[in-house]
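1. Build the 3D model from these lines:
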Amino acid sequence: MSLNNENLTVKIMKNIFILLFCGVINTLSVLTSTTFAANNYVSAASYNGNLSRTATLYPSDTSDFYADRFALVRHNGQCYFIDKKGNVVAKLGTWSKAELFDDRDFAKVESNNNNDTIQYLLDTLGNTYRVAYNLKNVSLDITALDLQGQNLSTLPEIVCQQTQLKVLLLNGTKLTTLPISLRKLTNWPRLSYNQLTTLPESISKLTNLQTLYLQGNQLTTLPESISKLTKLQTLNLSYNQLTTLPESISKLTKLQTLNLSYNQLTTLPESISKLTKLQTLNLSYNQLTTLPESIS
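-> Now for the predicted structure:
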């Protein structure tokens, strides 16, 4: 299929819908049932299901909604989360201090027990991870390490020795390379917005990985070994310098979301049609002029 537009988004919701971008989005197919917001937040002060405020629905100190799902309430010295109907979301707990979920899908929360303050990261499923924000505070009971924004350039070896970590946030740490010893970790770190140009072949060892966020790096190619990540469901490679994709990407048969926007792709492998579980394929802002016949 021939394309005249520079930017392309392919949206797959059982069937494939193609949207061409030329300043303003021109919709070529009708998207059904799901409406996508311009961002993740809807004001709690203006939403009650029909976008009109009711005075009793939300306490006065209520945040905006995260992902149109949860708002944070601070009330009588406690912090908790509510849904759009104003109901308390019990699985997200009650805290002495809390922040709303961020774009990493975590909320920073604190509990106070006998004047002992413990910090956690809370995910949207209600799982909590005791967190450290620098290496000197890492211990065996720390299951999350948040180093986002710190100037590392290389990853200290001590990080790779923390096999108890379930969450490792390395976004925006200016990493240029990854050590081979990173494979010792059971969970792959968040590595978006660094300066990575390649991925190690050892990534193939992470066979249980379900999400991989690598947006905002300088990747030009992907290793063939990425095909070993057969449980991967979400792969974000936007804002890189990719010019091609390996044919082996077709082996990621459980992939549901693939974001390849803002790269330098000129062609796609024919094998991409084998990703039959894809719900979202974003190809906008590339150099594509044609699509494989198998998905056109």
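2. CA only for contacts and neighbour counts going forward, please
-> OK.
3. Surely Ser204 and Lys228 touch.
-> Yes. Counting by C-alpha atoms under 8 Å, Ser204 does reach Lys228; the two are 5.2 Å apart.
4. pLDDT weak spots in the stretch 51-200 of the chain?
-> Applying pLDDT under 70 to the stretch 51-200 of the chain flags the ranges 51-60.
5. how about the strands in it?
-> 62-66, 70-75, 78-82, 94-95, 97-98, 106-113, 116-123, 128-132, 144-146, 167-169 (DSSP state E, counting those that start in this stretch).
6. Work out the gap between the third one and the centre of the chain.
-> Centroid displacement of strand 78-82 relative to its chain, using C-alpha atoms, centre = their mean, to the nearest Å, is 24 Å.
7. And for the first one?
-> Between the centre of strand 62-66 and the centre of its chain there are 19 Å (C-alpha atoms, centre = their mean).
8. Report the strands that pair with it, each with its relative direction.
-> According to DSSP bridges, strand 62-66 forms sheet pairs with strand 41-42 (antiparallel), strand 70-75 (antiparallel).
9. Setting the sequence-adjacent residues aside, check what's closest to Ile272.
-> Ranked by C-alpha to C-alpha, 6 or more residues apart in numbering and with sequence neighbours excluded, the top spatial neighbour of Ile272 is Ser250, at 5.4 Å.
10. Next one: the one you found from Gly93, what distance?
-> Separation of Ser250 from Gly93 (C-alpha to C-alpha, to the nearest Å): 40 Å.
11. Counting neighbours, go ahead and name the busier of the two.
-> Using other C-alpha atoms under 10 Å as the criterion, Ser250 and Gly93 rank with Ser250 on top: 20 against 15.
12. And that one, its phi and psi?
-> Ser250 has phi and psi values of phi -70, psi -20 when expressed as degrees, to the nearest 10.
13. ok, it - contacts?
-> For Ser250, the contact set (C-alpha atoms under 8 Å, 6 or more residues apart in numbering) comprises 227, 271-275.
14. let's see 6 Å
-> By C-alpha atoms under 6 Å, 6 or more residues apart in numbering, the contact set of Ser250 is 271-272, 274-275.
15. and if you look at Ile249?
-> The contact partners of Ile249, by C-alpha under 6 Å, 6+ apart, come to Ser227.
16. my hunch is that it is in a helix, does that hold up?
-> Yes. Counting by DSSP: H, G, I helix; E, B strand; the rest coil, Ile249 falls inside a helix.
17. So it versus Thr117, what's the distance?
-> For Ile249, the distance to Thr117 equals 45 Å [C-alpha to C-alpha].
18. Also Leu258?
-> Distance from Leu258 to Thr117, by C-alpha to C-alpha: 39 Å.
19. Looking at the two now, which is surrounded by more residues?
-> Between Leu258 and Thr117, counted using other C-alpha under 10 Å, Leu258 has the larger neighbour count: 19 against 12.
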